[in-house]
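Asker: what follows is a protein structure lacking sequence information:
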């Protein structure tokens with residue numbers, strides 16, 4: 001599963017919710033999809049989408065089966081939302097924000113660690129990882145990315161010479 005966003009608010013009185021997502025496209029979510037909500041740390045509950053309307057590129061107004069009152073919907077606000085990798089396979093290559101939680105391996109240094117966060121600086125994306133107890137930032141640019149496996153949640157890179165040594169001193 002890939003974390004794609006979170007429920008940020010209720011919408012109306014019939015149990016609709018606003019889902020803020022990081023996919024960067026307003027066409028990926030469909031009525032028949034199942035979204036997994038993290039109700040507690042590590043505990044996921046499936047919710048079946050019964051209605052969906054794109055609000056903009058970052059938000060959907062959604063309704064779930066069996067959630068038809070605002071009181072029930074309020075319990076889902078602030079919950080992180082995950083989706084099966086297969087649904088996002090074509091979009092994940094376009095949005096590095098979906099790579100949070102992926103394992104990064106360098107072709108020389110081996111396993112670097114798990115991507116903890118992704119941020120954009122200007123036109124460049126950076127991945128934040130902890131390598132040998134030190135926080136590092138790795139550029140996510142076409143020249144360094146050798147491979148991306150959505151299903152296995154892995155990214156293979158060829159880091160510029162000396163990048164890791166700069167952080168480790």
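Answerer: Perfect, I can see it now. What you are looking at is a predicted structure, and each value in this text was computed from that prediction instead of being measured.

Asker: pretty sure residue 10 is touching residue 72, no?
Answerer: No - taking CB atoms under 8 Å as the definition, residue 10 is not a contact partner of residue 72, at 9.5 Å. All C-beta spots, glycine's among them, are computed from the backbone N, C-alpha and C.

Asker: quick one, which of the two is more surrounded?
Answerer: When neighbours are counted by other CB atoms under 10 Å, residue 10 and residue 72 differ, and residue 10 comes out ahead with 21 against 13.

Asker: for the nearest residue to the more buried one once chain neighbours are set aside, give me phi and psi.
Answerer: Nearest-residue entry for residue 10: residue 73, 4.6 Å, with adjacent residues in sequence omitted and distances by CB to CB, 6 or more residues apart in numbering. The phi/psi pair for residue 73 (degrees, to the nearest 10) reads phi -70, psi -40.

Asker: contacting residues around residue 73?
Answerer: If you count contacts by CB atoms under 8 Å, 6 or more residues apart in numbering, residue 73 has them with 10, 15, 16, 17, 67.

Asker: just checking, what packs against the biggest strand by length in the chain?
Answerer: When the chain is parsed with DSSP state E, its longest strand is strand 43-54. For strand 43-54, the helices and strands in contact under the criterion 3 or more CB pairs under 8 Å, 6 or more residues apart in numbering; DSSP states H and E are strand 34-40, strand 59-64.
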